Each structure stands twice: as structure tokens, then as C-alpha cells.
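> here is the input, now give the coordinates:
(one chain, ligands or ions: 2)
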Amino acid sequence: MITLSHFFRKKPTIKYPEQKREIAGVFRGQHVLKRDEIGAERCTACGLCAVACPAEAITMTAAERQPGEEGLYREEKYAAKYEINMLRCIFCGDCEEACPKEAIFLTDRIVQADYKRNIFVYGKDILVEPKENPIDLSKRQTPGVKEFKHHKEFQHNQLFDKNTKRELNIEKPTVAHDQKTKLGHR
Ligand code: SF4
Ligand code: SF4
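Ligands and ions are numbered 1, 2, ... in the order given. Predicted coordinates for the structure are as follows:
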């Protein structure tokens, strides 16, 4: 009877790749390196994500921002080269948790299959989000992360005007630095 009953059940298999499952917005898939509100790269090549990575999948080379590049890179230091080896990555999300600049997030995009191993070393050309088409992370960004970005007293939350390269929208500190950890901000 049990065997027969299975004939009449809805099949759990789907015909991938013609059919695709819906995946959760908080699915841990392909990473993105985020830009800030004016399009400058948030990553400062601090290396904390690489240290936190249990698979040793992340490598980077730091460089110093030059005068006039404020619209390209958020802080004085940036990642001239940033690579993630997707064959090593286990999509644990530790890099996202470790990042103090809200620069790296995992997304609901699936890493595509390929036949060559070197294709899976993703560089900045793939990882940095396109300026004109930002990756929506609203489902991954917790209320704590959103709140953190309101605090302009932290340098990486300050904004620069693209044309004048000067800071703008700097607000008075609304929270003391020692309160930062109490609020659960990274
Ligand atoms: S998701 Fe985990 S394994 Fe993959 S790069 Fe980030 S820390 Fe490393
Ligand atoms: S992604 Fe974040 S943790 Fe990794 S180097 Fe850039 S700023 Fe540091």
C-alpha cells in the first residue's frame, strides 16, 4: 500500500535547468563586494574576511587611494586585487560576518558550473557590484546593519561628493563609540 501510494504523490524532483526552485532571499550563494551610496567601493582590504575564512578561499592585494579617487574607493586603502576561489568556498558566510565595513555579502545568486578550474577564481570584475545595477541585499541586511550605516561619525559611513570629492551629509555623532558594540554593530 505504501509503495502504491507513492505513485500518486506529487513528484519532488524538478527538471533542472529548465525548471528552477525558488530559493530564499537569505540563501548563501555568490558573493558581492558592495559599493556605497555614491558608487565607491566599500572594501578597504583590511583582510579580516580572509582571516575568518575557514577554507582559505580569499586573497587580496591592498593599495593606497590616490588624490582624486575618493569617488572610486571609500577609504584611504582599497583592494587593488580581490579574489575568491569558489571551488574552495563552502558558503559559510563567515566573511560576511567578519567584515567591519559591510563590504562583502553573500547573495541568492548561484555560482555557475563550468569545465575549467581557473574559471572559479572570481576577481573584482565579477565580485564588485555594477554601479548601474546594484545587488539588492535588503533581505540579508539585518536591522542592526541598516542602523549602523546611519552613524556618520564612523568614517566608512561618511559620504563624498563625486564632483567636489568633498565629504557631505556629515551628521553630529548620535551614538558613542563605546555604544557600538552594545548595539551589536560590527
Ligand atoms: S563564505 Fe565562508 S568559505 Fe566562502 S569565502 Fe566566505 S568565509 Fe570563505
Ligand atoms: S571585504 Fe570587508 S573584511 Fe574583507 S578586506 Fe574588504 S573590508 Fe576587510
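> please count neighbours and contacts with C-alpha atoms only from this point.
OK.
> show me the contacts for F27.
Taking CA atoms under 8 Å, 6 or more residues apart in numbering, we find F27 in contact with L106, T107, D108.
> ligand 2: which of those residues is nearest?
L106 (11.0 Å; CA to the nearest ligand atom).
> bridging residues for the closest one?
On the basis of DSSP bridges, L106 takes part in beta bridges with H31.
> can you give me the neighbour number for it?
21 (other CA atoms under 10 Å).
> quick one: contacts for it?
Contact partners of L106, counting by CA under 8 Å, 6+ apart, are F27, R28, G29, Q30, H31, V32, F91, G93, E96.
> the chain against ligand 1: which residues are in contact?
52-55, 57-58, 89-95 (CA under 6 Å from any ligand atom).
> tell me the pLDDT of R21.
R21 carries a pLDDT value of 85.
> again with N169
pLDDT, N169: 49.
> what does the chain put close to ligand 2?
When proximity is defined by CA under 6 Å from any ligand atom, the chain lies next to ligand 2 at 43-49, 98-101, 103-104.
> now rank these by neighbours and give me the top one.
C43 (27 neighbours).
> sec struct for that one, please.
Assigned with DSSP: H, G, I helix; E, B strand; the rest coil, C43 falls in the coil class.
> need the contact list for it.
For C43, the contacting residues are L33, K34, Y73, R74, Y78, A79, K101, A103, I104, by CA under 8 Å, 6+ apart.
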